[in-house]
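Novice: pasting the structure only:
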Ligand SMILES: [Zn+2]
């Protein structure tokens, strides 16, 4: 379909915002490493990853903006904290702990890869076309983070221990990525967000475990509780409001400015 | 009367803002459509394909297209549309485009699925003794490679997969492979 039936608009907008908000916030978190990454190659990589994530977010905001009669800028910068639908995992400060930064991307990139892969098969044509490109770009992120995990997992004892403790610390938060947005069943039923077999949690866990094992790291993930309510319903960590404040500061100076 | 060829020739004069290659040689131009607006004049629509989603050079390229094409006699209006269908790929870069990039120190993956993952040869000395230094580079479409023979770093364009990334169902029929 080229035109979206009305009853699918709100559910799709929420799904798109969850994807774009994850990318937007993760992109900003990763950008903190520009100039500070442990080696030059990773400085370039993380800067480039950030640019990718923020560019992806803008493109997805544009589709959402078209559906609600807004603009990508307004969606990115002018919502209240509880209107953002990102997962807590992307909000967290990595406190310049490289292991946390790498493991966070590990969980997020694999999840994005599956999510965008599903959207690339969407019955809503404009979205499928965009997602087809996004998933191809995301594939490069996945390959990169997998490489980092393997290298650091096979590093010395300190490196392996740091990676293991980062994985252990993030794992309970990471499953929050899978919290469904409202109305997702309708999108699935109409093929706008086609179902995947085996289902998301299993596919994602399987992909992650495969890489963790090859990196000599252990990974324990509990399926998220169905009743858990978090970022996808606008509930965020305490740190989120101040993060958002910092991130929208320049925009708020002159909201209508063209850059 | 302005023709498709006139417009294509004008587009050939527009270079990518980041590399010495015309947008036509880069394979960005997908379609040129002409609609008569009056007996002697045309409305022009140019469809282009972004290399990467949200490529920052795109707005500049769109402006250049509008500026150059609207300067042609017989053009009433110019509309530039970008589309992801078909997806842009390095395979769209013409042989002369590849050559001008090589001279600039940027290599392009060989066309064709059978060449996926093949390392490039050094753009400076032709050596095959090269290694990837980083999967990322100065812009989102490039990576950094290094030639062990002449000890020059060089850039190599990223090839993105264009099909078959995610199977919605992993349940395969038994013994079909
Ligand atoms: Zn060389």
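Specialist: Everything's here; your move. Everything numeric here is computed off the predicted structure, so don't read it as measured data.
Novice: Chain B contacts on the stretch 151-259 of chain A?
Specialist: Neighbours of chain B within the stretch 151-259 of chain A, by C-beta under 8 Å from any C-beta of the partner chain: A:194, A:195, A:196, A:197, A:198, A:203. C-beta coordinates here come from the backbone N, C-alpha and C atoms, glycine included.
Novice: With distance to residue A:160 as added columns, please give the residues you listed in CSV.
Specialist: Listed next are these as CSV, based on distance: C-beta to C-beta, whole Å:
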residue, distance to residue A:160
A:194, 38
A:195, 37
A:196, 32
A:197, 34
A:198, 30
A:203, 26
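Novice: From those, list just the buried residues.
Specialist: Among those, those classed as buried by 16 or more other C-beta atoms under 10 Å in any protein chain shown are A:194, A:196, A:203.
Novice: Residue of chain A nearest the ion, please.
Specialist: residue A:41 (19.9 Å; C-beta to the ion).
Novice: Run a quick neighbour tally on residue 47.
Specialist: All of this is about chain A. 18 (other C-beta atoms under 10 Å in any protein chain shown).
Novice: Not quite, go with chain B.
Specialist: 16.
Novice: Surely it is within a strand?
Specialist: Yes. Applying DSSP: H, G, I helix; E, B strand; the rest coil, one finds residue B:47 inside a strand.
Novice: Can you give me the distance of residue B:4 to chain A?
Specialist: According to C-beta to the nearest C-beta, to the nearest Å, residue B:4 and chain A sit 25 Å apart.
Novice: Take the buried ones among the residues of the stretch 151-259 of chain A next to chain B and keep only those in helices.
Specialist: residue A:203 (DSSP state H).
Novice: Please compute how far stretch A:132-140 lies from its chain's middle.
Specialist: 13 Å (C-alpha atoms, centre = their mean, to the nearest Å).
Novice: got a list of contacts for the top helix by length along chain B?
Specialist: The longest helix of chain B (DSSP H) is helix B:58-70. Applying C-beta atoms under 8 Å, 6 or more residues apart in numbering or on different chains, the contact partners of helix B:58-70 are B:7, B:10-11, B:13-14, B:16-17, B:23, B:28, B:44, B:46, B:48, B:50, B:75, B:77-78, B:80, B:82.
Novice: Would you mind confirming that residue A:56 makes contact with residue A:136?
Specialist: No. Using C-beta atoms under 8 Å, residue A:56 makes no contact with residue A:136, being 11.3 Å away.
Novice: if you count what's nearby, which of the two comes out ahead?
Specialist: A count of neighbours by other C-beta under 10 Å puts residue A:56 above the other of residue A:56 and residue A:136, at 29 against 23.
Novice: For chain B, state which of the residues of the stretch 151-259 of chain A next to chain B is nearest.
Specialist: Closest approach to chain B among those (C-beta to the nearest C-beta): residue A:197, at 4.2 Å.
Novice: Quick check: chain neighbours aside, which residue is closest to that closest one?
Specialist: Excluding its sequence neighbours, the residue lying closest to residue A:197 (C-beta to C-beta, 6 or more residues apart in numbering or on different chains) is residue B:169, at 4.2 Å.
Novice: Ok, residue A:56 next?
Specialist: Closest to residue A:56 by C-beta to C-beta, 6+ apart is residue A:23, at 5.0 Å.
Novice: Hmm, residue A:49 and the one you found touching each other?
Specialist: No. Using C-beta under 8 Å as the test, residue A:23 is too far from residue A:49 to be in contact (10.4 Å).
Novice: Between the two, point out the one with more neighbours.
Specialist: Neighbours per residue (other C-beta under 10 Å) separate residue A:23 from residue A:49, with residue A:23 holding more: 28 against 24.
Novice: And the spatially most central residue of chain B, how far from residue B:49?
Specialist: The residue lying closest to the centre of chain B (C-alpha atoms, centre = their mean) is residue B:26, at 3.8 Å. Distance, residue B:26 to residue B:49, using C-beta to C-beta, to the nearest Å: 10 Å.
Novice: Could you name every residue contacting both of the two?
Specialist: Common neighbours of residue B:26 and residue B:49 (C-beta under 8 Å, 6+ apart) are residue B:92.
Novice: What strand or helix carries residue A:206?
Specialist: Element membership for residue A:206 (DSSP states H and E) is helix A:200-214.
Novice: got the domain boundaries for chain B?
Specialist: Split into domains by automatic domain parsing, chain B comes to B:4-82, B:90-157.
Novice: Make TSV out of these and add mean pLDDT and distance to residue A:245.
Specialist: Formatted as TSV, the domains of chain B follow (pLDDT from 0 to 100; distance: least, C-beta to C-beta, whole Å):
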stretch	mean pLDDT	distance to residue A:245
domain B:4-82	95	25
domain B:90-157	94	28
